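**Student:** 3D model of this:
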Amino acid sequence: MVLPLAAAAARRRVGGVISSQVQRRTMAGGPAKEWEGIDKVVRGVFPGDHQLALAIMGGYTGLFLIFKMKSAMSGTKEEEKPVVVSSGADTGAGIPAIGTPEFDNFLDSEAFVKLLDSEEQLTKALAE
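**Tutor:** Numbers count the residues shown, from 1 in each chain. Presented below is the predicted three-dimensional model:
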């Protein structure tokens, strides 16, 4: 006897909540808004909010593309500098190519020790 009474009370509570939500949802309408000035002209072409939003995004995208095309056409191209290709021969300056007898001599020289010291100092300076 208690369970049917509790079930009936629960249906009344839930039923009242559901019907009030449905009623609120259907009351969102109303008369159309009257536009004035430039809004009236724009809304005459794009009556829906989604249409106006797409038109605005399309306008910005068009401006962006026009700017990019203009800058691509008017941009000056710099001449590419020729790349100097090393033949592997030691010219007396810098580090010789790996696998050559000059590289073995470089590893035993004072210049290699100076190079290592300068790298250590650079690493310490960057760490601080």
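**Student:** Dump the helix or strand containing V42 to CSV, keeping only the CA atoms.
**Tutor:** Using DSSP states H and E, V42 sits in helix 38-45. Taking C-alpha atoms only, helix 38-45 is exported to CSV below (Å, rounded to 0.1, in the frame of the first residue of the first chain):
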residue,chain,number,x,y,z
ILE,A,38,22.4,49.4,-42.0
ASP,A,39,21.1,46.4,-40.0
LYS,A,40,17.8,46.5,-42.0
VAL,A,41,19.7,46.4,-45.3
VAL,A,42,22.0,43.6,-44.1
ARG,A,43,19.2,41.6,-42.6
GLY,A,44,17.3,41.9,-45.8
VAL,A,45,20.0,39.9,-47.6
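**Student:** so how far is the next helix or strand after it off the chain centroid?
**Tutor:** Using DSSP H and E, the helix or strand that follows helix 38-45 in sequence is helix 49-74. Offset of helix 49-74 from its chain centre (Cα atoms, centre = their mean, to the nearest Å): 18 Å.
**Student:** Any buried residues in helix 49-74, and which?
**Tutor:** Within helix 49-74, no residue counts as buried by 16 or more other Cβ atoms under 10 Å. (Glycine included, C-beta is placed from N, CA and C.)
**Student:** what helices or strands is that helix leaning on?
**Tutor:** Counting contacts by 3 or more Cβ pairs under 8 Å, 6 or more residues apart in numbering; DSSP states H and E, helix 49-74 is packed against helix 38-45.
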